[in-house]
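**Q** coordinates only, sequence not included:
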Ligand SMILES: O=C(CO)[C@H](O)[C@H](O)COP(=O)(O)O
């Protein structure tokens, strides 16, 4: 068996650890969703266990995040119980030069946007494959839709020039159902020249809960990369 580490896994681990290191004792922490944030949650748990960190509480952005937090011993709270979120750590599917994002690869973008936007400091954790010149160039834009409104929402998106596809489950017959019981439509736009405008326009369609454009929400983007065969972290 090869002992060589998968470079993408290595980049995700490094960047997850770097983000977890930013959390201070006594903080309320937004816990994002996805494979990169999973490492941040794991390292946060390790810091708590070692006593290096104390008295933190997590606000999970998904079922996945709450399961991981419980597994790694991070106490959880809710938005009803706190008056602030000090820091949120979350992944992204694309990051543009203005630190705007496409999220929702894990169908959790509605809760993610609520938590990430509330945080005093929102730290994005990605590997270098997620950096793009323009949003929408490598990833379809996820839109969470109320099930009964799926058909009219798809028509409205087509009128805006998008090509919507209902996201289907893997190892499950039928569509992906979000943690909130809704559906996800992934949309191809030829150009996303004005992400701020598109974010608002999509959310204005009756039946749309939230879309995966995160405009002017990120404070820091930590990028895991490999240079000369070694993992490094860049900051944007
Ligand atoms: O937006 C998300 C979930 O809705 C994730 O943060 C995004 O898909 C990135 O995930 P990963 O770190 O696994 O690449």
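**A** Everything's here; your move. In this text the structure is predicted, and so the values were computed from the model without any measurement.

**Q** any idea which residue sits dead centre in the chain?
**A** Closest to where the C-alpha atoms of the chain average out (CA atoms, centre = their mean) is residue 91, at 4.1 Å.

**Q** where's that residue relative to residue 54, distance?
**A** For residue 91, the distance to residue 54 equals 26 Å [CB to CB, to the nearest Å]. Using the backbone N, CA and C atoms, a C-beta is placed for each residue, glycine as well.

**Q** name the helices or strands packed onto the strand or helix carrying residue 197?
**A** With secondary structure defined by DSSP states H and E, residue 197 is part of helix 195-203. For helix 195-203, the packing partners by 3 or more CB pairs under 8 Å, 6 or more residues apart in numbering; DSSP states H and E come out as strand 208-211, strand 213-214.

**Q** how far is that helix from where the chain is centred?
**A** Relative to the centre of its chain, helix 195-203 is centred 18 Å away, using CA atoms, centre = their mean, to the nearest Å.

**Q** Which residues does that helix contact?
**A** 96, 100, 135, 141, 143, 157, 160, 189, 192, 208, 210-211, 213, 215-216 (CB atoms under 8 Å, 6 or more residues apart in numbering).

**Q** Taking those residues, please make a PyMOL selection of just the buried ones.
**A** Selecting the buried subset of the contacts of helix 195-203 in PyMOL, with 16 or more other CB atoms under 10 Å as the burial test, is done by:
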select buried, resi 96+100+135+141+143+157+189+192+208+210+211+213+215
